[in-house]
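K.L.:
Sequence first, predicted coordinates after that:
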Amino acid sequence: MDIRKELLKEHSKSNANRIARYISNDPTRFDVLMKLFLSNEYRVTQRAAQVVSMCAENHPGLIRPYLKQMILNLRNDVHDAVKRNTLRILQDIELQENLQGDMTDIGFQLLTSAREPVAVKVFAMTVLANICKKEPDLKNELQIIIEDQMPYASAGFISRGNKILKRL
């Protein structure tokens, strides 16, 4: 299967599922997908994002070698789907200590940005809350940012924010 060609063929959940099933637990196929996901082709990265998320959920071991690249990719001008799916994956992974600094910095930037969609913010909030378990000094800063945004936030942000505030 030509993964790039298949990604561009159709933007649908069924197509993403089909590609994810093809990749399965194969590190070589997953590497091809990750190269596409981390590329500069806007439409390809957007469509690869959902497949990467599905593969990571089904085979979490595949994603480990790419965590640093994925985190640093969030600094680039990438499609919202790339941010959303990267953060969705990262919220369920315990990050190594050497990745926490970059992720903390990027997470706070995303959370405080007025331009970011709600889904990106709530996933960033969860990733930051997970980091706070190992770095409790960050709890106060995260709490202040969440509470500051709550009066103007969407229902999704408020719901996740309340859950995170209870955890903190």
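P.N.:
Happy to help now that I have it.

K.L.:
which parts of stretch 20-40 are buried?
P.N.:
By neighbour count on 16 or more other CB atoms under 10 Å, the buried set for stretch 20-40 is 20, 23, 29, 30, 32, 33, 34, 36, 37, 38. C-betas here are computed from N, CA, C, even on glycine.

K.L.:
Identify the residues contacting the fifth one.
P.N.:
Read it as residue 32. Applying CB atoms under 8 Å, 6 or more residues apart in numbering to residue 32 gives the contacts residue 3.

K.L.:
And the pLDDT for it?
P.N.:
On the pLDDT scale, residue 32 is placed at 98.

K.L.:
likewise the second one?
P.N.:
What the model reports as pLDDT for residue 23 is 97.

K.L.:
Could you chop the chain up by domain?
P.N.:
1-77, 94-168 (automatic domain parsing).

K.L.:
so which of those domains gets nearest residue 83?
P.N.:
Nearest of those to residue 83, taken as CB to CB: domain 94-168 at 4.8 Å.

K.L.:
What about the buried residues of stretch 20-40, which are in helices?
P.N.:
20, 23, 29, 30, 32, 33, 34, 36, 37 (DSSP state H).

K.L.:
I'd assumed residue 19 was in contact with the fourth one.
P.N.:
Read that as residue 30. No. Residue 30 is not in contact with residue 19 according to CB atoms under 8 Å; the separation is 10.9 Å.

K.L.:
who's in contact with residue 112?
P.N.:
Applying CB under 8 Å, 6+ apart to residue 112 gives the contacts residue 145.

K.L.:
Tell me how far it lies from residue 125.
P.N.:
11 Å (CB to CB, to the nearest Å).

K.L.:
Next: residue 83.
P.N.:
Counting by CB to CB, the gap from residue 83 to residue 125 is 13 Å.
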